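# show me how the following folds:
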Amino acid sequence: MKTTLSCTTVAARRRAKAFTLVEVVLSLGICSFALVSMMGLMAIGTTTLRQSMDYNTEATIAQQLTGEAQMLNYSYVTNQASPYRANFQNNRYFDVFGAELTNSPRPSSYVYMATLSVANCTLPGASASSPVAQKLVFRISNQQSGAARSYNVWSVDNGR
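Here you go, the predicted structure:
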């Protein structure tokens, strides 16, 4: 027994397997809309990642400088003529990873520059500045972005 298919059923089968031009154009439009918005988010994401890396490196540098200052004698840190303060006369320079560059007076490949200023400190409830406390202000500036942030540390004479 032989079965034959009519022309209409073969044509209907062929039509059922393919997409129409309208469907293809509509799906391309939806995909391109999604891809364009994702590319925009990628640009924002990379900018945010770069800023996050800068903040992290600056915090590492500030932590290193703060640790150095806290390990030293109070008079050594606050005395203008001390070698520690003289080390900041020409600023201190760091690379993109936060490692200090020792080329003097100004390395060519630096990314971060740290400066130090010392100010009198008025303690809460006091009317005059304290003779046993100073505020150290480390200012770290980023050469690439032009941003600069200050990190304050209070140094107290602990009798060492």
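
# find the nearest non-adjacent residue to the most centrally placed residue in the chain, please.
Centroid-nearest residue in the chain: D54, 2.4 Å away (criterion: Cα atoms, centre = their mean). In space, and not counting its chain neighbours, D54 is closest to N142: 5.8 Å by Cβ to Cβ, 6 or more residues apart in numbering. Every C-beta, even on glycine, is put in place using the N, C-alpha and C of the backbone.

# ramachandran angles for the one you found?
Main-chain torsions, N142, degrees, to the nearest 10: phi -100, psi 120.

# let's verify N152: helix, strand, or coil?
The three-state label given to N152 by DSSP: H, G, I helix; E, B strand; the rest coil is strand.

# for the strand or helix carrying the residue nearest to the centre of the chain, the averaged confidence score.
Taking DSSP states H and E as the definition, one finds D54 inside helix 21-71. What helix 21-71 shows for mean pLDDT is 91.

# quick check: what element follows it along the chain?
Criterion used, DSSP H and E; the element after helix 21-71 is helix 74-78.

# and Q134, that's in a helix?
No. According to three-state DSSP, Q134 belongs to no helix; its state is strand.

# going forward can the numbers begin at 31, since that is how I track them
Okay, using 31 as the starting number, the last item reads as Q164.

# list the contacts for it?
Neighbouring residues of Q164 by Cβ atoms under 8 Å, 6 or more residues apart in numbering: 104, 107-108, 148-151, 184-185.

# so how do I select the buried members of those residues in PyMOL?
A single PyMOL command selects the buried members of the contacts of Q164 (16 or more other Cβ atoms under 10 Å):
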select buried, resi 104+107+108+148+151+185
